[in-house]
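Participant: requesting a structural model of the entry that follows:
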Amino acid sequence: MVTLSAILQAPVQALLRPSMWLPFVRPLHSYKETWEIDCPKSEFVSSLLSAVHSVMEQEDNTEFWDIHKVVEDGTFVRIFAFTRAEWLDVIEITYRDGQYEAHSFSSGVIPLVVPFACICNLVLFCAPFLDMGLNKKRLQRIREAMSVSVTVV
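Facilitator: Next up is the predicted model:
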């Protein structure tokens, strides 16, 4: 379960996302894919949400995922992924030009279990750190759990 400190700081951390400010540090802890689908947006979003619940129920899942925002027209979904140490990673899936852009990234170097971590992460925005491929694996797990066909372009 996620601590109250992490729950309260997560929206601020996701909005500010200090680890994404520097272009040469950003690729160390983020991953992007472009997805093509052959179904209506509403069916895609429904499949995406059930895939998130499916991934959460898997025995090997060591993270807690929270569906933070879903735009009703199916053009945007934001998911918070809290690691075991309560680092906040964010998954954003946006519909643009007939395709979905899936982006998973780590939001800061200090875990949100630490009080005022979202402020400390602002100061440490330039600290390089690796995600050990977790963001790429997250998007892969979502794709594999979806009931609709998703093609990576």
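Participant: what about the strands in this protein?
Facilitator: Along the chain, counting by DSSP state E, strands occupy 30-37, 64-70, 76-82, 88-96, 99-106, 150-152.
Participant: what are the bridge partners for residue 104, then?
Facilitator: For residue 104, the beta-bridge partners are residue 31, residue 91 (DSSP bridges).
Participant: so who does it touch?
Facilitator: Under the criterion of CB atoms under 8 Å, 6 or more residues apart in numbering, the neighbours of residue 104 are 30, 31, 32, 81, 89, 90, 91, 92, 135, 136, 138, 139. No exception for glycine: its C-beta is placed from N, CA and C like everyone else's.
Participant: tabulate the strands of the chain (CSV), appending mean pLDDT.
Facilitator: Shown next, in CSV, are the strands of the chain (pLDDT from 0 to 100):
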stretch, mean pLDDT
strand 30-37, 96
strand 64-70, 96
strand 76-82, 97
strand 88-96, 97
strand 99-106, 97
strand 150-152, 95
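Participant: what is the burial count for the closest residue to residue 113 other than its chain neighbours?
Facilitator: Nearest non-adjacent residue to residue 113, counting by CB to CB, 6 or more residues apart in numbering: residue 86, 4.0 Å away. For residue 86, the neighbour count with other CB atoms under 10 Å is 21.
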